[in-house]
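Asks: Sequence and predicted structure, then a few things I'm wondering about:
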Amino acid sequence: MMNKNLIIKLVFGAFFVLFYQIVIAPRTSFADTHADMALILTVWIAMVCDLKTGVIFGFAVGLFTGALTPIDLGWASLLLAIIAYLVGIIKIKIVIEPMPNKITVLICSILIYNFFYQLFSNFGLFIINFSYMITSILYASINSTIVGIIIFVIIRYRYILRNLI
Amino acid sequence: MLSSVIKQLKRRQLLPILIVLSISIILIILPLSLKIVVSRILISTLFYPIVQVDRFLTDIAHTKNINIELNQHLTQVSMQAAKYTEAHFENIRLRRMLNFDLQIPYRLIPVEVIGLNPNLMIKSIEINAGTDKGIDVNMAIITADGIIGKTIGVSNNSAVAQLLNDHNCKVSAIDQTTRAMCFIRGAGGKFLTMGDGPIESEGVVGDTVISSGLGGIFPPGLMVGTVIYVKNLEGTLFKDVTIKPAVDFGSLEEVFVVVYDE
């Protein structure tokens, strides 16, 4: 069973994801794409918590953020749950505690997630305009990677930052 | 050893992933109408406070833009106002040079209607101001819509006004389109008549009739009514013209008395 403290943190994290996706993301878009905070936090949770927690968190935030685009409802929750599961498996197999390893896992997750999300949810467009979709995926991935690294650094060194402030 | 641990772990933790995958697949294959219902439920409950924050921020951004636009507009209007003020003073100077008097030597006193003639056709009203406010007989009574009538009897704090639809009340008027001069008086009903309209006048239905200013009671340019019927009177030099008054005499509450400055 998860402890109460962790549940509160996860709920707070889920609300932060929703807040970011609804309020901040539309105002911080880059090349018509924005960072996917649901993915970034799911990867982080999957890295620091156990496999089940990561999967449930990914599913929940994927369900919530997917509700913003009803046509694609279900795809985000499915892919985020799979990504969380894969990250959980990788965490068991290799040591990902050092920051560079975490960032590498993050970048791979972002690329895989964006590619498959666009492939499944926009399959027709993917066939018709493959190069445009790949370009979009790359821009979105770059955007998510930059924001993800910032978020990872803030979370990782939050105590040092707090002391500095 | 490690592989067996991983296998055991997988076997134990595969259940949640299977459950969430099943739910996700069900959501994916749902019809769009049901997806919209699910989405709407989530947005109207869980997302509501966040959506409100988003709207608030959007409103602030819009307010800023509108503020900028209004400031620009205000600057333009201020410049125009300054120009018109200059033109106004220039007009006064030129009028003085040509010995023209100003055309608006009167002021308006707001009064309330406190009594109506109880006859079938309302021909007079009583107002709550008299000589105490500088009101005298033969002063025009108007509203924002046009002329109502004139005062015919004044006491210390009230006065009686004869309405325009009274046959005995005449107004010197002018057809705004043809500029034909005429007298307007009550036609015995709720309409007015231009009984002595000149036959050569080309006034037609729809023309606006305004006061001419002749007679010294009614200021020029005030709305009297609109022509609704025109008929040539055979064997005479006049036309029978019926006019609908600009003012509804049955619903008078607040009116103005025109007092000419001495």
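Replies: Done, it's in.
Asks: contacting residues around residue 42?
Replies: As the question left the chain open, I've gone with chain A. A:Gly54, A:Phe57, A:Gly58, A:Val61, A:Gly62, A:Leu80, A:Ile83, A:Ala84 (C-beta atoms under 8 Å, 6 or more residues apart in numbering or on different chains). C-beta coordinates here come from the backbone N, C-alpha and C atoms, glycine included.
Asks: ah, no, chain B please
Replies: Contacts for B:Leu42 (C-beta under 8 Å, 6+ apart) come out as A:Leu63, A:Phe64, A:Ala67.
Asks: And the pLDDT at it?
Replies: pLDDT for B:Leu42: 80.
Asks: returning to that earlier point: nearest to A:Phe116, out of the contacts of B:Leu42: which one, please.
Replies: A:Leu63 (17.1 Å; C-beta to C-beta).
Asks: Next, see if the strand or helix carrying that closest one gets close to chain B.
Replies: When secondary structure is defined by DSSP states H and E, A:Leu63 falls within helix A:51-66. Yes. Helix A:51-66 reaches chain B (C-beta under 8 Å from any C-beta of the partner chain) through A:Leu51, A:Lys52, A:Val55, A:Ile56, A:Phe59, A:Gly62, A:Leu63, A:Phe64, A:Gly66.
Asks: The fourth one: what's it in contact with?
Replies: Okay, so that is A:Ile56. With C-beta under 8 Å, 6+ apart, A:Ile56 has these contacts: B:Pro16, B:Val20.
Asks: Tell me who's in contact with the residue of the stretch 51-200 of chain B at minimum distance from chain A.
Replies: Proximity of the stretch 51-200 of chain B to chain A (C-beta to the nearest C-beta) peaks at B:Asp54, 4.8 Å away. Counting by C-beta under 8 Å, 6+ apart, B:Asp54 touches A:Ile22, A:Val23.
Asks: Can I take it that it is in a helix?
Replies: Yes. Assessed by DSSP: H, G, I helix; E, B strand; the rest coil, B:Asp54 belongs to a helix.
Asks: And it, what's its pLDDT?
Replies: Looking at B:Asp54, its pLDDT stands at 82.
Asks: The strand or helix carrying A:Leu106 packs against which elements?
Replies: For A:Leu106, the host element (DSSP H and E) is helix A:99-121. Here helix A:99-121 touches helix A:37-48, helix A:75-93, helix A:130-156, going by 3 or more C-beta pairs under 8 Å, 6 or more residues apart in numbering or on different chains; DSSP states H and E.
Asks: tell me the SS of B:Gly115?
Replies: strand.
Asks: List the contacts of the residue lying closest to it once chain neighbours are set aside.
Replies: Of all residues not flanking B:Gly115 in the chain, B:Glu126 sits nearest, at 3.4 Å (C-beta to C-beta, 6 or more residues apart in numbering or on different chains). When contacts are counted by C-beta under 8 Å, 6+ apart, B:Glu126 touches B:Val113, B:Ile114, B:Gly115, B:Leu116, B:Ser158, B:Ala159, B:Val160, B:Ala161.
Asks: Where does the prediction get shaky in the chain?
Replies: Because you didn't say which chain, this covers chain A. Across chain A, the ranges flagged by pLDDT under 70 are A:1-2, A:165.
Asks: could you do chain B instead?
Replies: B:1-13, B:100-104, B:116-122, B:188-189, B:195-202, B:262.
Asks: which residue ranges form the strands in it?
Replies: Counting by DSSP state E, one finds strands in chain B at the ranges B:106-116, B:124-127, B:140-142, B:147-154, B:159-163, B:170-175, B:181-186, B:192-198, B:208-211, B:223-232, B:238-245, B:254-260.
Asks: Report the beta-bridge partners for the residue nearest to B:Gly115.
Replies: For B:Glu126, the beta-bridge partners are B:Gly115, B:Val160 (DSSP bridges).
Asks: quick one: it and B:Asp136, what's the gap?
Replies: As judged by C-beta to C-beta, to the nearest Å, B:Glu126 and B:Asp136 stand 16 Å apart.
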